[in-house]
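sequence unavailable; structure follows:
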């Protein structure tokens, strides 16, 4: 790269406030290592002030940068994307919308005019999952590109778990859309047949739900380990103590935590929602159950511990799958579109 390309990356850069690391920090850092000059907005915690900061940053940087990358979500974050994309249009700056959130297809139907303002005028729409690629391909076929969410695979040491006692790991923020109480229901059910079953729940308390979950576990008389938010290196080290990763979400796209669990060799048992069936194949790379079906998730976990061949197959297959998400593979696509 003879000349550093300048990028403004707009998204929720909130890990310093105790939130989980989001894609702006992952991709932005990797692009910097490839020689791109990246400016970020915003790390302000308050939603309204964050929107204002994004607006100002886009005005200030639009004439200075080659591209604006916008993390685009389906709820309040949708309006961040709307405002910043229209400022970029005023300055005739190319912007790339990265599609996030399992509920974006609903937004397409709910707000078609506003969606057209963002998506039809984008230089590129990056779909990180087959789910969102499928949802957007009919309406925006000309500027839509698939680039999967990425990890640096060297940071994740594969190990084949020992399937003796069910030791469940859950890693998400404590938000209603991720249905944390279902995880507690699952370990409660498991203890009926596997009294030594364990559950560890890792993640920030985004919606003040941890106390409610602690009380819920207490009422069910099950012990659950709540760690709060951990650094990525900390929960990766912690994962060595567990042998199944559970994902209980109501909505999802292509969650990085699930990809990371697969890289570590943990068999994934997940609800079959949003982008999950586009990422995972039942009985091949994971076991999938219906949304909010704690009984079926419990049965699936028991199956892992009763069928050693199935457990090992899922562990091996999922690790092989995520090798295609390694930055060494994915970066060429980003370099090609940003060169």
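That came through, no problem. It should be emphasised that the depicted structure is a prediction, and the values quoted were computed from it without experimental measurement.

all strands for this structure, in order.
Assigned by DSSP state E, the chain shows strands spanning 6-10, 37-41, 67-72, 94-99, 124-127, 144-146, 167-171, 198-202, 225-228, 244-247, 268-271, 287-289.

can you redo those as TSV with distance to residue 330, mean pLDDT and mean neighbour count?
C-beta: built from backbone N, CA, C; applies to glycine. Compiled in TSV, the strands of the chain are given as follows (distance: least, Cβ to Cβ, whole Å; pLDDT from 0 to 100; neighbours: other Cβ atoms under 10 Å):
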stretch	distance to residue 330	mean pLDDT	mean neighbour count
strand 6-10	16	98	24
strand 37-41	16	97	18
strand 67-72	14	98	26
strand 94-99	13	98	23
strand 124-127	11	98	23
strand 144-146	11	97	15
strand 167-171	22	98	24
strand 198-202	25	98	22
strand 225-228	29	97	14
strand 244-247	22	98	27
strand 268-271	20	98	25
strand 287-289	25	98	23
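
so which of these is nearest residue 111?
strand 67-72 (12.3 Å; Cβ to Cβ).

other SSEs contacting that closest one?
Applying 3 or more Cβ pairs under 8 Å, 6 or more residues apart in numbering; DSSP states H and E, we find strand 67-72 packed against strand 6-10, helix 23-33, helix 77-90, strand 94-99.

quick one: contacts of that strand?
When contacts are taken as Cβ atoms under 8 Å, 6 or more residues apart in numbering, the neighbours of strand 67-72 outside the stretch itself are 5-12, 22-24, 27, 58, 61-62, 77-78, 80-81, 84-85, 88, 93-101, 104, 118, 123, 338.

got the angle for that strand vs helix 23-33?
When axes from the mean of the first three to the mean of the last three Cα atoms, to 10 degrees is applied, the directions of strand 67-72 and helix 23-33 differ by 160 degrees.

dump the helices and strands packed on strand 67-72 to CSV, plus distance to residue 312.
Rendered in CSV, the data for the helices and strands packed on strand 67-72 read as follows (distance: least, Cβ to Cβ, whole Å):
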stretch, distance to residue 312
strand 6-10, 40
helix 23-33, 30
helix 77-90, 39
strand 94-99, 34
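
looking at the ones you listed, which is nearest to residue 322?
When the helices and strands packed on strand 67-72 are ranked by proximity to residue 322 (Cβ to Cβ), helix 23-33 comes first, at 14.3 Å.

and that closest one, what does it pack onto?
Right, helix 23-33 is packed against strand 6-10, strand 37-41, strand 67-72, helix 327-338 by 3+ Cβ pairs under 8 Å, 6+ apart.

nearest residue to residue 235 other than its sequence neighbours?
Leaving out its chain neighbours, the residue that sits closest to residue 235 by Cβ to Cβ, 6 or more residues apart in numbering is residue 202, at 5.0 Å.

I'd like the distance between the nearest residue to residue 64 once chain neighbours are set aside and residue 24.
Leaving aside its sequence neighbours, residue 64 sits nearest to residue 6 (Cβ to Cβ, 6+ apart; 6.1 Å). The gap separating residue 6 from residue 24 is 16 Å, by Cβ to Cβ, to the nearest Å.

what's the answer for residue 155, then?
Residue 155 sits at a distance of 18 Å from residue 24 (criterion: Cβ to Cβ).

so for these two, which residue has more residues nearby?
The neighbour count for residue 155 versus residue 24, taken as other Cβ atoms under 10 Å, is higher for residue 24 (24 against 13).

ok, the more buried one touching residue 14?
No - at 9.1 Å, residue 24 does not count as touching residue 14 under the criterion of Cβ atoms under 8 Å.
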